[in-house]
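Visitor: Sequence first, then the predicted structure:
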Amino acid sequence: MKDYKHALLVMEKQDYPAEAREVIIRANKKILANSEANKIYESMYRAYWVKKKNFNTFADKSKALAELIGENVYTVYLVFLINCTKPLKAAYKKAGISEDIYWNTIIDLKVKALECKENFDVWGTFVEGWFRAFYTLERFGLGRLQFELSDFGEEFYDEHGIFIKDSEFVLGLHIPSHLGPLTYEARLDSYKRAFEMFKDRFGGKYIVICCGSWLLYPDNLNILPENSNAADFILDFEPLDIKRTYDFGDCWRLFGQGKSCLKPAELQRDTTMQKAFAEWFDQGKKAGSAYSMVIFDGEKILTRRTREEYKAKYGY
């Protein structure tokens, strides 16, 4: 590493919390001041970016680097990934992808830093392997939502005059936290951006978006308040595979690391969503997840239903 000027630009442009900036700058300075640390960093960079290997994990070298400079390994992950947004910016330009999409995409580093602080009281990221698809130009932030090059995960689909079979190209959808309300207007804006970016891959008439998430579990319509944006979000989708889970592994996303939804009395109820789910668990009921689909024609969500239509079709 020669400098961390681009990291400073990223943190300034995307308004990182002051405490996060201090930690990230401190770690960068420590790497630059220690020749052995910088040697480890450079070997990580060559493997991760230059050779495009070791995308899913670079834990061993990161742990050695963290120990050498006296920082948490989660901080080292974040420092490294923020610095790698510099060559990523050049890759966007080479691929002809707009700079607006670049900035919209890398905001996820800030999102994951906020989640890491909330869950572990560390400015960093504990999901270093998650970022691979951003750096291989397969996942993009488009407005409120993220879209990823993906394959259809069901045997087949045949509705709305559209036939899709297993492993055919679709867009995967991700719903980052900390980016504001999941309003209908924000979602529609994201779908439109995705349509413009990927419509040619679908023949220009529509796009197919698939997502597997606890947020799309149909019974959430009975858990959440009727006026909830998260409840309305479900109505955009056609559920294809619904799973009710005993232990609800996504519990941490609502209540933090170390919390079990099997012990509802221990769950905090600070937000509307926390309160709604905790009360659901109080009744001995389960949460779950669903693999679901949106079909969007550039203007209209073809899979969207009213609450009454959804209940009549799916029973929730």
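Guide: The structure has been received and is ready for your questions. Residues are numbered from 1 along each chain as shown.

Visitor: quick one, helices of the protein?
Guide: Listed in chain order, the helices found in the chain under DSSP state H are 5-13, 18-33, 35-45, 59-69, 73-83, 85-95, 99-120, 132-135, 184-198, 220-223, 229-234, 251-255, 272-282, 307-314.

Visitor: Can you get me a residue count around Lys89?
Guide: A total of 17 residues lie near Lys89 under the criterion other Cβ atoms under 10 Å. For glycine as for every other residue, the C-beta is placed from the backbone atoms N, C-alpha and C.

Visitor: if I look at the residue lying closest to Arg269 once chain neighbours are set aside, how far off is Leu254?
Guide: Take Arg269 and drop its neighbours on the chain: the residue closest to it by Cβ to Cβ, 6 or more residues apart in numbering is Lys275, 4.2 Å away. When distances are taken as Cβ to Cβ, to the nearest Å, Lys275 and Leu254 turn out to be 10 Å apart.

Visitor: So Gly315 versus His160, what's the distance?
Guide: From Gly315 to His160 the distance is 21 Å (Cβ to Cβ).

Visitor: Among those two, which residue is more densely surrounded?
Guide: More neighbours surround His160 than the other of Gly315 and His160, with 12 against 8 (other Cβ under 10 Å).

Visitor: my read: that one touches Asp297, true?
Guide: No. With contacts counted by Cβ atoms under 8 Å, His160 stays clear of Asp297, the gap being 9.2 Å.

Visitor: Of Lys275 and Leu254, which one has the most company?
Guide: Neighbours per residue (other Cβ under 10 Å) separate Lys275 from Leu254, with Leu254 holding more: 19 against 14.

Visitor: Quick check: that one vs Pro225, distance?
Guide: Between Leu254 and Pro225 the computed distance is 15 Å (Cβ to Cβ).

Visitor: go on, Cys210?
Guide: With the distance defined as Cβ to Cβ, Cys210 ends up 27 Å from Pro225.

Visitor: Those two: who's more crowded?
Guide: Applying other Cβ under 10 Å to Cys210 and Pro225 shows that Cys210 carries more neighbours, namely 23 against 12.

Visitor: show me the contacts for that one.
Guide: When contacts are counted by Cβ atoms under 8 Å, 6 or more residues apart in numbering, Cys210 touches 150, 152-153, 170-173, 240, 291-294.

Visitor: Also Glu36?
Guide: For Glu36, the residues meeting the contact criterion (Cβ under 8 Å, 6+ apart) are Leu68.

Visitor: Pretty sure Asn220 sits against Ile234.
Guide: Yes. Using Cβ under 8 Å, Asn220 is in contact with Ile234, at 6.0 Å.

Visitor: hey, what's the closest residue to Ile101 other than its chain neighbours bridged with?
Guide: Nearest residue to Ile101 in three dimensions, chain neighbours excluded: Phe140, at 5.6 Å (Cβ to Cβ, 6+ apart). Beta-bridge pairing of Phe140 under DSSP bridges involves Phe147.
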